[in-house]
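K.L.:
For reference, the sequence and a predicted model appear below.
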Amino acid sequence: MQSNVKMAGTMKKGSEAAGALSVKQDFPILAQDVAYLDSAATAQKPLHVIKALEHFYTTTNANVHRGVYAWSADATRLYEGARKKVAEFINAKPWEIVFTRNATEGINLAAHGWAGFNLKKGDRVLLTAMEHHSNIVPWQQVAKSNGAEIDYIPVTQEGTLDMAEAKKLLAKKPKLLAITHVSNVLGTINPVKELAALAHTQGALVLVDACQSVPHMPIDVKDLGCDFLVFSGHKLFAPSVGVFYARESLLKEMRPFLTGGDMIKEVTLTGATWNDIPWKFEAGTPAVAEAIALGAAIDYLNAVGMDNIQKHDEGLIRYAFKELKNVPGITVYGPENRSGVIAFNLGDVHAHDVASVLDEHGVAIRSGHHCCMPLMKLLDVPAACRMSVALYTAKEDVDALVAALREARKVFRL
Amino acid sequence: MNMFTEIIMDYYRHPRNRGKLAAPDAHARDTNPLCGDTLEMSLKVENGIVTEARFDGTGCAISQAAASMLTEQIQGKPLATAKDLNKDDVLGLLNIPISPVRLKCALLGLKVLKLAAYPKLGAELSREEEESL
């Protein structure tokens, strides 16, 4: 499959840009004169993925798991083939992968399908203060209905987790630790492997939100030692489809929270029996073409090499961190050692105003609370600007951002 | 591709060992949710030997013929034979080209036979083996 991946891009050699990838030409949208620095919100799609979508709709489109005819059989084979690719990509078994609408739906599946009937009154769930709303609100909901309590691992001034507090909170024996691998605001790479091992000794299961890590580094669910893991396809250079991983034994005991067609074995007028895993959790027609395109995105990433991507992204974020720090009046949030994103503010200017000026200069960044209102409260700002990188981002994009920020300083008379 | 050979149609129209045993020593039922086939197997076991095997259910010619053939195969043999039977054995019995989309139909009988036999053998049908069926 990998041999089919058409890549125009290369990796730069030589001392100046050692380790930097040059794959921008694989992404048609980036031919436009825009410095796209919002990949953490959604990533651009390589031609290989766009072609996979086009090929599916122009040659094979049919519903899956239904027809006996060739198109339906091919669509099913491609859809289940994509599941295998995802499984291999994160070192899981194919039947441990559930395709969802997005990562949020995946966390809701864990909240309703596992926590909903496992959490008793007085049980505890442990989160962190740097979680995205998607990894807070579902737990608040299930805690409210089951009478469970939520604790949050505090975030230090440096923007890392307070590990001493984490250990104390884990000693309270929560039933679940749900934690982001990489903060979508601070870029902090959390010590998930260490925390998962600690959590397991206290009898807690571990859910990892890998949305912000999976585009930047190799992910291995066995190595991380997590029980659940979610990420979104659209942040992984594919269309909108979510991935939910859970260990086989957990998936078997979990209950479906979406029910209906395709997730059943038999239905009578008085009841129904569930299909095998993973289909038990895929009610209704799934995102067939999107999942197949996610498989194509993984082929593309494997062809580039996740290790190469990690090297490129790390180098670029180090460069951006250094360059941004040199802009007068800038406040950067979070630690130096980070992945993927840098959140900042320029003087006392509201992030939306900064982003508007940057847009006029062809620089696309995110501004707002980044679905992390508790963390923003901690940083004591209503909003922040955020730039983020991906395998196609170049130093020139960062330079364009810095130049536009210097222009913004003039506009706002800083 | 000729799936509906004389022998398949013969087993489909005149199934051997169709029915249920009154007090089976081993029994299982499963369905193929993709097409709605249902199948159950009941076995009489004496001293580890399958003395009687019956299948029952509804489904396509392929699934019903394959299940009927399997009951003939297992009768008179040690129950542990169920562990050795695999995909190729069933395809050999059917002796027709089976497209990937019809594989699940062809192998439903074998899956149910294993589901019935394994608990008596102290075994469990792993997902890995199920995927190979």
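P.N.:
Sure thing, it's come through.
K.L.:
and the stretch 251-400 of chain A, which residues reach chain B?
P.N.:
With C-beta under 8 Å from any C-beta of the partner chain as the criterion, the stretch 251-400 of chain A comes near chain B at residues A:Asp262, A:Ile264, A:Lys265, A:Glu266, A:Thr273, A:Asn275, A:Asp276, A:Trp279. No exception for glycine: its C-beta is placed from N, CA and C like everyone else's.
K.L.:
sec struct for the fourth one, please.
P.N.:
Reduced to three states with DSSP: H, G, I helix; E, B strand; the rest coil, the structure at A:Glu266 is strand.
K.L.:
I'd like to know how many residues surround it.
P.N.:
Close neighbours of A:Glu266, defined as other C-beta atoms under 10 Å in any protein chain shown, add up to 15.
K.L.:
List the contacts of it.
P.N.:
A:Glu266 is in contact with A:Ala272, A:Thr273, B:Thr31, B:Pro33, B:Gly36, B:Thr38, counting by C-beta atoms under 8 Å, 6 or more residues apart in numbering or on different chains.
K.L.:
What of A:Ile50?
P.N.:
With contact taken as C-beta under 8 Å, 6+ apart, A:Ile50 is in contact with A:Pro28.
K.L.:
A:Leu391 now?
P.N.:
A:Leu21, A:Val23, A:Pro215, A:Leu301, A:Val304, A:Ile309, A:His312, A:Asp313.
K.L.:
If you drop the residues flanking it in sequence, what lies closest to A:Leu30?
P.N.:
What sits nearest to A:Leu30 in space, not counting adjacent residues and going by C-beta to C-beta, 6 or more residues apart in numbering or on different chains, is A:Lys24, at 5.0 Å.
K.L.:
nope, A:Pro154 is what I was after
P.N.:
Closest to A:Pro154 by C-beta to C-beta, 6+ apart is A:Asp162, at 4.5 Å.
K.L.:
Would you check that the one you found makes contact with A:Lys168?
P.N.:
No: with contact defined as C-beta atoms under 8 Å, A:Asp162 does not reach A:Lys168; the gap is 9.3 Å.
K.L.:
And for A:Ser240, the neighbour number?
P.N.:
A:Ser240 has 15 neighbouring residues, counting by other C-beta under 10 Å.
K.L.:
so who does the residue nearest to A:Pro154 touch?
P.N.:
Under the contact definition (C-beta under 8 Å, 6+ apart), the residues listed for A:Asp162 are A:Ile153, A:Pro154, A:Val155, A:Thr156.
K.L.:
Give me the pLDDT for it.
P.N.:
Taken from the predicted model, the pLDDT recorded for A:Asp162 is 98.
K.L.:
and what of A:Lys6?
P.N.:
Predicted confidence (pLDDT) at A:Lys6: the value is 69.
K.L.:
Show me just the buried residues among the contacts of A:Asp162.
P.N.:
Neighbour counting with 16 or more other C-beta atoms under 10 Å in any protein chain shown marks A:Ile153, A:Val155 as buried within those.
K.L.:
and which of the contacts of A:Asp162 is nearest A:Thr42?
P.N.:
Sorting the contacts of A:Asp162 by how near they are to A:Thr42, with C-beta to C-beta, puts A:Val155 at the top with 25.4 Å.
K.L.:
so how far is chain B from the closest residue in space to the closest one that isn't next to it in sequence?
P.N.:
Counting by C-beta to C-beta, 6+ apart, the nearest residue to A:Val155 once its immediate chain neighbours are dropped is A:Ala129, at 4.7 Å. From A:Ala129 across to chain B, the span is 38 Å (C-beta to the nearest C-beta, to the nearest Å).
K.L.:
What is the burial count for A:Ala129?
P.N.:
Other residues near A:Ala129 number 16, with proximity taken as other C-beta under 10 Å.
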